[in-house]
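Undergrad: Okay, structure incoming, though there's no sequence with it:
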């Protein structure tokens, strides 16, 4: 992916590429390198950074989102591109979301919710939210259900291992990257995304904020239905 988006030099310097020093045959690798050179000629470095994150998937999109807030570390042109990763990502099919919700709750959706919209309200790199309704004491209560993307925990674990390795290799082999502190960014990302994968932490925060802002009608937080 890095080579295809014109970062072949970084791949070579950091030692991510092949160990064989002989000229590569005209294979998929060579075609990727050719595509990367063409992309370098027509697209800015900042945009290519964003394209890499998008192609590598949810963990890297999330890392890009966090990095887009680090105006103290990254230059403005990269910040501007990474902020585009804050936009909505493609949703997971409802059949997969339904299965994930039912496995998590231990019951069919129809037994818990009076209504569950199949069209998502919003979709992000870690989870997806759907409007629904609970029946509580013969009253219909409108709610929003946040469901984690299927398999995302395993993907994040795998990607974190890769990111830690890449960050260390970059700082070691490409000294000019140290001003961006790749290792520091990945460590921050690791703490952030590991916490975010536990939705109970988010539920606790919602309730804590609601309690702290009690008596301020202009500020509202979601009510958590623990059951």
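TA: On my side now, so go ahead. Quick caveat: nothing in here was measured; it's all calculated off a predicted structure. Numbers count the residues shown, from 1 in each chain.
Undergrad: so what's the residue most central in space within the chain scoring on pLDDT?
TA: Residue closest to the mean C-alpha point of the chain, counted by CA atoms, centre = their mean, is residue 62 at 2.7 Å. On pLDDT, residue 62 comes in at 85.
Undergrad: What is the longest helix belonging to the chain packed up against?
TA: Longest helix in the chain, counting residues (DSSP state H): helix 152-173. In terms of contacts (3 or more CB pairs under 8 Å, 6 or more residues apart in numbering; DSSP states H and E), helix 152-173 is packed against helix 8-14, helix 58-67, helix 182-196. All C-beta atoms are positioned from the backbone trio N, CA, C, and that covers glycine.
Undergrad: what residues does that helix touch?
TA: Helix 152-173 is touched from outside by 10, 13-16, 56-60, 63, 126-127, 177-178, 182-183, 185-186, 189-190, 193-194, 197, with contacts defined as CB atoms under 8 Å, 6 or more residues apart in numbering.
Undergrad: Within the helices and strands, which one has the closest residue to residue 62 other than its chain neighbours?
TA: In this structure, residue 62 finds its nearest non-sequential neighbour in residue 125, 4.6 Å apart by CB to CB, 6 or more residues apart in numbering. Under DSSP states H and E, no helix or strand contains residue 125.
Undergrad: Show me where the chain has its strands.
TA: Assigned by DSSP state E, the chain shows strands spanning 115-116, 122-123, 127-136, 139-148.
Undergrad: would you list those strands in a markdown table and tack on distance to residue 162?
TA: Converted to a markdown table, those look like this (distance: least, CB to CB, whole Å):
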| stretch | distance to residue 162 |
| --- | --- |
| strand 115-116 | 35 |
| strand 122-123 | 24 |
| strand 127-136 | 22 |
| strand 139-148 | 21 |
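Undergrad: mean pLDDT for those: which is lowest?
TA: Among those, strand 122-123 scores lowest, with a mean of 90.
Undergrad: Please identify the pairing partners of it and their relative orientation?
TA: strand 127-136 (antiparallel) (DSSP bridges).
Undergrad: For the strand it pairs with, give me every contacting residue.
TA: Taking CB under 8 Å, 6+ apart as the rule, strand 127-136 contacts 91-92, 97, 112-123, 140-149, 152, 199, 225.
Undergrad: Restricted to buried residues, select those residues in ChimeraX.
TA: The following ChimeraX line selects those of these that are buried, judged by 16 or more other CB atoms under 10 Å:
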select :91,92,97,112,113,116,120,123,143,145,146,147,148,149,152
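Undergrad: Tell me who's in contact with residue 220.
TA: Counted by CB under 8 Å, 6+ apart, residue 220 has contacts residue 210.
Undergrad: Roughly how far does it sit from residue 86?
TA: The spacing between residue 220 and residue 86, counted by CB to CB, to the nearest Å, is 22 Å.
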